[in-house]
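> Sequence first, then the predicted structure, then my questions.
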Amino acid sequence: MNSRTIILSLAIITAGLVSCKEAPAPEPYGAIPTPQQVEWQKMEMNMFVHFGPNTFTGREWGLGTEAEDIFNPTALDCNQWASTAKAAGFKGIIITGKHHDGFCLWPNPMSTHTVAASPWKDGKGDVLKELSDACRKQGLKFGVYISPWDRNDPHYGTPEYNDVYVKTLQDVHGGKYGDVFEQCFDGANGEGPNGKKQVYDWPLFHKTVLDLHPMAIMFSDVGPGCRWVGNERGVAGRTNWSTLNTEGFTPGAGSPPTDTLNSGNVHGNFWIPAETDVSIRPGWFWRESENGRVKSVNDLLGIYYTSVGRNSLLLLNVPPDTTGCLHPVDSARMIEFKGALDEIFKEDLADGAKVNASSSRGRGFAARNILDGNYDSYWAAPDGTFEATLTFALKGKKTLNRVLLQEYVPLGQRVKSFTVEVASPDGTWNPVAEETTIGYKRIVLIEKVTTDKVRVTVKAYAPPVLNGFGLFMDTIYDRP
Ligand code: FUL
């Protein structure tokens, strides 16, 4: 072998090695989530628990003057709440440790208006302890809602109250209840017992929680961890960006308009995804008169589609009754809801499909990654490509009415619009959906159709990156 041949062979070998190498991953685009925001989003459904003096008075907003002895659940069983949540496929529980009436479900040393002054367990009980233990036992995450608005605390409306509230947060987040995955801050800011309103020190409140629980997601109208979806009906925007501009806004009266909260801001500066909070009953707290008005499975499926199916997390409130247990109607409904979801999503009709992309980045980012069920493997378009089509050749003819898409959000939310088409027997393509955003998860409801090929065309602000696709037939929800 002469030296020329050696150089040539080396060049060929090197070229071979280079072409075997994975293509570089796409650059992140715009605001991106923290790893804990991604983990939070993957929870998809959490249970909210409104419980306190209102459970016994029938009020939605307690006055703060209720005598402590009104709180006396006869058979409180947090294991029943947690096992119901678990069986229903929920991943965490958030409890109203303190609602606007100021009553604390744990013996808060900063207040006299707490379970310690109630007859329940002779004043020795602690609902947060019982619930956090029950959650741990079931493998669920534990979260809290601690209302800043307090109609009982005599300091409310003075600068001292911010200090009381900070110490209250420190007591809950100090470690005695283990990890707290979410802290809900309600922006409500009414009058306290002396008729004054409070000027909340939000940066201080946030810092207090983060110092103790850096992993906690903080909910408010403007985040910083996640945002209110703008209504209590269970409906996220059909267009729903997980990004939001927060400059100049505060939680509560100073929050962005509700339609902005509902759909986020395209190119928003911060990653603040929507959380959809809604009650299984007309009110947030249990009351006897609403036992016949618990949402139906159909209602809950509709809410699932307009929350989880629209790039939002669902926080479904299921309030315990005066015994301290979830009412049998509510707990049964939760299990029926899970049964319906299991039935709808039991068979992915895209399984075994062959997928082709109009373009791919190269090795490591093939179109088939979208079907491999691995969250972190994805198809990505090459740099400079902002529009692409994915064609799925199904394993035979399938009848379907739901199309599920997922963007790989650790790299940002990039898709601005997409269409879905299905092939008719003569090979022509029929449009069945024209939508805007995808985000973490998007489920599109289409009319029932039978086809052996589906194609999705996405337009994006950066090379699109998709990690999930599914096709399903829902015969339960009574909408198309
Ligand atoms: C609102 C509160 O005023 C309601 O009572 C309820 O707790 C809801 C989840 O948040 O702002």
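Right, received. Where do you want to start? Numbering: from 1, shown residues only.

> Spell out which parts of the stretch 201-350 of the chain neighbour the ligand.
Counting by Cβ under 6 Å from any ligand atom, the stretch 201-350 of the chain comes close to the ligand at 277, 284. Every C-beta, even on glycine, is put in place using the N, C-alpha and C of the backbone.

> OK, contacts around the residue of the stretch 201-350 of the chain found nearest the ligand?
Residue nearest to the ligand within the stretch 201-350 of the chain: residue 284 (4.5 Å; Cβ to the nearest ligand atom). Residue 284 makes contact with 50, 60, 317, 319, according to Cβ atoms under 8 Å, 6 or more residues apart in numbering.

> And residue 292, how far from residue 363?
Going from residue 292 to residue 363 by Cβ to Cβ, to the nearest Å gives 59 Å.

> Who has more neighbours out of those two?
Between residue 292 and residue 363, counting by other Cβ atoms under 10 Å, residue 363 is the more crowded of the two (11 against 7).

> Quick check: the more buried one touching residue 23?
Yes - here residue 363 reaches residue 23: they are 5.8 Å apart, a contact under Cβ atoms under 8 Å.

> Pull up the residues of the stretch 1-150 of the chain that are close to the ligand.
With Cβ under 6 Å from any ligand atom as the criterion, the stretch 1-150 of the chain meets the ligand at residues 60-61.

> those helices in the stretch 1-150 of the chain, which residues are they?
Per DSSP state H, counting those that start in this stretch, the stretch 1-150 of the chain carries helices over the ranges 3-20, 35-43, 53-57, 78-87, 127-138.

> tell me which element the residue of the stretch 201-350 of the chain closest to the ligand falls in.
Using DSSP states H and E, residue 284 falls within no helix or strand.

> Tell me who's in contact with residue 442.
Applying Cβ under 8 Å, 6+ apart, we find residue 442 in contact with 309-311, 404-406, 435.

> if we go to 7 Å?
309-311, 405 (Cβ atoms under 7 Å, 6 or more residues apart in numbering).

> repeat for residue 463
Per Cβ under 7 Å, 6+ apart, neighbours of residue 463: 26, 380-383, 385-386.

> got a winner among those residues for most neighbours?
residue 380 (31 neighbours).

> Just to check, it is in contact with residue 361?
Yes - look at residue 380 against residue 361 with Cβ atoms under 7 Å: they come within range, at 4.7 Å.

> Pick out the shakiest of the helices of the stretch 1-150 of the chain, pLDDT-wise.
Lowest mean pLDDT within those: helix 3-20, a mean of 47.

> is it fair to say residue 471 lies in a strand?
Yes - under DSSP: H, G, I helix; E, B strand; the rest coil, residue 471 sits within a strand.

> so which helix or strand takes in the residue nearest to it when sequence neighbours are not counted?
In this structure, residue 471 finds its nearest non-sequential neighbour in residue 349, 4.1 Å apart by Cβ to Cβ, 6 or more residues apart in numbering. Per DSSP H and E, residue 349 falls between elements, in no helix or strand.

> Residue 161 in helix, strand or coil?
State at residue 161, reduced to three classes by three-state DSSP: helix.

> pLDDT weak spots in the stretch 301-450 of the chain?
Along the stretch 301-450 of the chain, no part satisfies pLDDT under 70.

> Which parts of it are strands?
Using DSSP state E, counting those that start in this stretch, the strands of the stretch 301-450 of the chain run over residues 313-317, 354-357, 379-380, 387-407, 415-423, 429-435, 442-460.

> now swap in the stretch 101-250 of the chain and tell me
Using DSSP E, counting those that start in this stretch, strands in the stretch 101-250 of the chain cover 141-146, 182-184, 217-220, 226-228, 243-244.

> May I see the ones you listed organised as CSV, with distance to residue 176 and mean neighbour count added?
Listed next are the strands of the stretch 101-250 of the chain as CSV, based on distance: least, Cβ to Cβ, whole Å; neighbours: other Cβ atoms under 10 Å:
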stretch, distance to residue 176, mean neighbour count
strand 141-146, 12, 24
strand 182-184, 15, 26
strand 217-220, 20, 24
strand 226-228, 25, 27
strand 243-244, 33, 24
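
> out of these, which comes closest to residue 336?
Relative to residue 336, the nearest member of those by Cβ to Cβ is strand 141-146, separated by 23.8 Å.

> Next, the angle from the closest one to helix 78-87.
Interaxial angle of strand 141-146 relative to helix 78-87 (axes from the mean of the first three to the mean of the last three Cα atoms, to 10 degrees): 120 degrees.

> Can you give the strand pairings for strand 141-146, parallel or anti for each?
When pairs are called by DSSP bridges, strand 141-146 turns out to pair with strand 92-98 (parallel), strand 182-184 (parallel).

> Run through who's touching that strand.
91-98, 131-132, 135, 168-169, 172, 177-178, 180-184, 186.

> Now, of these, which are buried?
91-98, 131-132, 135, 168-169, 172, 177, 180-184, 186 (16 or more other Cβ atoms under 10 Å).

> sec struct for residue 261, please.
Secondary structure for residue 261, judged by three-state DSSP, is helix.
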